[in-house]
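Asker: Provided below for reference: sequence and predicted model.
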Amino acid sequence: MKPGWILKGMAALALATVSLAVLSVAIFGWNWLRGPIERVTFERTGRQLVIAGDLKITYGCPLCASAL
C-alpha cells in the first residue's frame, strides 16, 4: 500500500462529511425552531416573543434570518 492511497481516502471522507453537512443545512426545516427560540427568549428576558411567519434563512455573508 502506498501512503497516497490513505491520504486520498481521508480527503474523500472529509469532502463527503462537509458535503453532507452543507446539504443538511440547505434542506433543513427551520420552522421547527420557532418554539425553542420563543421559549429561550422568554426564559432569558422575561418577555414574550411571537414569531408569526415562516423562518427563512438567507445564505451568504453575513448569514441572515428573517420571519416572513
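Answerer: Good, I have the coordinates.
Asker: does the residue nearest the centre of the chain count as helix, strand or coil?
Answerer: Geometric centre of the chain, nearest residue: V25, 4.3 Å, by C-alpha atoms, centre = their mean. Three-state call for V25 (DSSP: H, G, I helix; E, B strand; the rest coil): helix.
Asker: now swap in T17 and tell me
Answerer: Going by three-state DSSP, the secondary structure assigned to T17 is helix.
Asker: list the contacts for it?
Answerer: T17 makes no contacts at all, as judged by C-beta atoms under 8 Å, 6 or more residues apart in numbering. Backbone N, C-alpha and C define where each C-beta goes, glycine included.
Asker: what's the spacing between it and R44?
Answerer: 33 Å (C-beta to C-beta, to the nearest Å).
Asker: for V50, same thing?
Answerer: 16 Å.
Asker: buried residues in stretch 20-36?
Answerer: With burial defined by 16 or more other C-beta atoms under 10 Å, the residues of stretch 20-36 counted as buried are R34.
Asker: next, the distance between the ends of it.
Answerer: 25 Å (C-alpha to C-alpha, to the nearest Å).
Asker: now find how far off-centre it is within its chain.
Answerer: 5 Å (C-alpha atoms, centre = their mean, to the nearest Å).
Asker: now do the strands in the chain.
Answerer: Ranges of strands in the chain, per DSSP state E, are 55-58, 64-67.
Asker: can you flag the weakest of the ones you listed by average pLDDT?
Answerer: Across the strands of the chain, strand 64-67 has the smallest mean pLDDT, namely a mean of 75.
Asker: ok, and for that strand, which residues are buried?
Answerer: For strand 64-67, it's none, nothing buried (16+ other C-beta under 10 Å).
Asker: direction included, what does it pair up with?
Answerer: Strand 64-67 has the following strand partners under DSSP bridges: strand 55-58 (antiparallel).
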